[in-house]
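Student: the following block contains a protein sequence and its predicted model.
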Amino acid sequence: MSAPPSQTQWYLARDGQQFGPLSEAELAKFIDLGHLQPTDLLWRDGFPDWRPAMVVFPNRKASALQRPAPGSGQATAPGMAVRPGRQTHDPRGAQRTLSAAPARQPVGGGRAAPRRRPRSFRGAVLGIVCLCAIATALWYGYGNRARLLQAAAALTSSMPSGLLGSDHTGFEVPPLVGFSGSPEAINTALQATPLWRVLKRNFPDWYAERLKEAAALSAQNKDDSAIGQQMARALVALRRQNVNHALAASFPKLKAVATTFYENLVELKKQSSDACFEFISQGEASSTVVSFLQGSPHVAQLQAQLTAVFEAIADGRSNARVYPQPRKTDYDALASDLIKRGWTQGDMQLFSDERALAHAGSAKVCQMVHDWFAAQLAIKDPDMQLRLLVDSLKPVVAG
């Protein structure tokens, strides 16, 4: 039975899923039990958009807006438990029963949203930065978002590699060589590079399999060139398997991916349009890019981007975020900038047509992708930049 019209109905979003409606009493109980998380988003009638839990309830004790401590008898990853008598519908007609009681596992498969809110969850969430400091979660406020994002961007740009939170030594060491000998010998060689250090730390089982694979190929008298190509294909496969995790990373991590990708475009354009095109279309699996990663002036920058991608994946796996979709006004502003860079309406149409773009010349494609990211990285509005860059990085990570 639905709640009376006079009763406020709440909707909660967590990890890309939406739940509700919840009554005031149910939501209050959910908070009192300690199951509301700082990164949860809430919406009710009268809200123009989804709002962070710590903004909606700023006077709640911090302990009431944090995950229950392990061993407290409460779920460490509480979700919404199924309970008869409460029907919700997602936009595609799927029915689910939800309540505000904690459960061991979040309910999956449904994205029930307020029917009066036709926009999707990703399109409704504003670009808001939530930081956790010291021992308690501290919300710095939507009004500070510009300062925070600009500070993050400044930190990113101050690092030659464009990376945050990784070991920043050894980017000039080629990461696709040193595959001879035993797994132990190969491990020693690979750990001289930041890419493989990040991979070993965050994907230990996958890394161990690559060591065995490389040692087996070496025993078959395969050289570094052939083994490096095989390792590059494995990197591509791992990246593609984790697209959603990468795109759920913090914005500074995503900004690092975009920045290093653009910097590679700049440098590879100087090398040749074909090298730039292979980098765009094939990524690290390109024979040209593999050869660069085995020893060239491009090693440091190429490795910086690869490392940024896998750090973003690791970050998104540990703490997923959901970002808003770009707005029409965002693309209008972007189009205006591109026109200033020399784009025509025909270029706009070409870039939006995947098939037509695939048949354009390598120099044309390279220049257009270069301009596309240059324009977005030059955007001053941090919210607009966030919305556009996250969307533009999908093919970069998934390609």
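Tutor: Done, it's in. Since this is a predicted model, take the numbers as computed values, not measurements.
Student: report the contact partners of the residue most central in space within the chain.
Tutor: Nearest to the mean C-alpha position of the chain, by Cα atoms, centre = their mean, lies L247 at 2.0 Å. Taking Cβ atoms under 8 Å, 6 or more residues apart in numbering, we find L247 in contact with 254, 316, 323, 390, 393-394, 397. In short, each C-beta sits where N, CA and C put it, glycine included.
Student: so which of these comes closest to L36?
Tutor: Y323 (21.1 Å; Cβ to Cβ).
Student: on the three-state scheme, the closest one is what?
Tutor: coil (DSSP: H, G, I helix; E, B strand; the rest coil).
Student: Y11 too?
Tutor: Of the three states, Y11 takes strand under three-state DSSP.
Student: and the closest residue to it other than its chain neighbours, how many neighbours?
Tutor: Using Cβ to Cβ, 6 or more residues apart in numbering and skipping the chain neighbours, the partner closest in space to Y11 is G20 (3.6 Å). Look at G20: counted by other Cβ atoms under 10 Å, it has 23 neighbours.
Student: same check, this time on the one 4 residues further on
Tutor: As a burial measure, the neighbour count of E24 was computed by other Cβ under 10 Å and equals 13.
Student: surely it meets W10?
Tutor: Yes: the criterion here is Cβ atoms under 8 Å, and E24 meets it with W10 at 7.3 Å.
Student: quick check: M54 vs L36, distance?
Tutor: According to Cβ to Cβ, to the nearest Å, M54 and L36 sit 9 Å apart.
Student: an error on my part: the question was meant for P204.
Tutor: 33 Å.
Student: the more surrounded of these two?
Tutor: L36 (26 against 10).
Student: now K380. Its backbone dihedrals?
Tutor: As for K380, its main-chain torsions (degrees, to the nearest 10) stand at phi -90, psi -30.
Student: wait, I meant F171
Tutor: According to degrees, to the nearest 10, F171 has phi -70, psi -20.
Student: nearest residue to it other than its sequence neighbours?
Tutor: Nearest to F171 is A300, by Cβ to Cβ, 6+ apart, at 4.1 Å.
Student: which of the helices or strands spans the one you found?
Tutor: Assessed by DSSP states H and E, A300 sits inside helix 299-318.
Student: which parts of the protein are strands?
Tutor: 10-14, 17-22, 41-44, 51-52, 87-89, 95-97, 131-133, 136-138 (DSSP state E).
Student: parallel or antiparallel, list what pairs with the shortest one.
Tutor: Strand 51-52 has the following sheet partners, assigned by DSSP bridges: strand 41-44 (antiparallel).
Student: tell me the mean pLDDT for the partner strand?
Tutor: Averaging pLDDT along strand 41-44 gives 84.
Student: ok now that strand, how far from the chain's centre?
Tutor: Centroid separation for strand 41-44 versus its chain: 23 Å, with Cα atoms, centre = their mean, to the nearest Å.
Student: alpha carbons of that strand, as PDB, please.
Tutor: Taking C-alpha atoms only, strand 41-44 is exported to PDB below (Å, rounded to 0.1, in the frame of the first residue of the first chain):
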ATOM      1  CA  LEU A  41      22.000  10.300  -2.000                       C
ATOM      2  CA  LEU A  42      18.400  11.300  -1.000                       C
ATOM      3  CA  TRP A  43      15.500  12.800  -2.800                       C
ATOM      4  CA  ARG A  44      12.000  13.800  -1.800                       C
END
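Student: nearest residue to P326 in space, please, no chain neighbours.
Tutor: P326 sits nearest to R387 (Cβ to Cβ, 6+ apart), 4.5 Å away.
Student: what sits against the one you found?
Tutor: Contacts of R387 (Cβ under 8 Å, 6+ apart): 127, 323-327, 330.
Student: just the buried members of those residues?
Tutor: Among the contacts of R387, those scoring as buried are 127, 323-326, 330 (criterion: 16 or more other Cβ atoms under 10 Å).
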